[in-house]
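Enquirer: 3D model of this:
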Amino acid sequence: MTGALDIVTAVLLVAGGLFCVVGGIGLHRFSEFYQRTHAASVTDTAGAGLMLVGLMFQGGISMVTLKLVLVLAFLLFSSPAIAHALVKAAHGHGLALELEIPDNPEKNGEPGRDGDAAG
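Expert: Coordinates of the predicted model:
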């Protein structure tokens, strides 16, 4: 039983670590503030959450697991709210969202702005 528990823990810890690494790569690769904020907030919540769940499996039924549950609950509620507040403050201070709109969408096989496929 402990072998299976160790495997589940290892998978969760590695998956959480990979989420954090992918988030770091996203922070580096994305050019716009809003994209970077999204990459950081999603991977922060998912990566840390998976790591905490992996640690909960190792803790068993104990006070340590209860503390990890409380940390996970705080993380799941606070991280999205903090990201939302950060983006809302940036938008309120005039940081514009950079949208790329193609000059001629019909060339790319996309429907025109009125939704008609023929243009």
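Enquirer: So which residues of the chain form helices?
Expert: In the chain, the helices defined using DSSP state H lie at 2-29, 33-59, 63-92.
Enquirer: name the helices or strands packed onto the longest one?
Expert: Other elements packing on helix 63-92 under the criterion 3 or more Cβ pairs under 8 Å, 6 or more residues apart in numbering; DSSP states H and E are helix 33-59. Using the backbone N, CA and C atoms, a C-beta is placed for each residue, glycine as well.
Enquirer: For the helix it packs on, buried residues please.
Expert: Judged by neighbour count (16 or more other Cβ atoms under 10 Å), helix 33-59 contains these buried residues: 33-34, 36-59.
Enquirer: Run through the chain and note the low-pLDDT ranges.
Expert: 1, 101-119 (pLDDT under 70).
Enquirer: what's the residue nearest the centre of it in contact with, if anything?
Expert: Among the residues of the chain, the one closest to the centroid is Val42, at 1.1 Å (Cα atoms, centre = their mean). In this structure, Val42 makes contact with Gly23, judged by Cβ atoms under 8 Å, 6 or more residues apart in numbering.
Enquirer: quick one on the thing from earlier: with distance to Glu98 as added columns, please give the helices of the chain in JSON lines.
Expert: Shown next, in JSON lines, are the helices of the chain (distance: least, Cβ to Cβ, whole Å):
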{"stretch": "helix 2-29", "distance to Glu98": "15"}
{"stretch": "helix 33-59", "distance to Glu98": "8"}
{"stretch": "helix 63-92", "distance to Glu98": "12"}
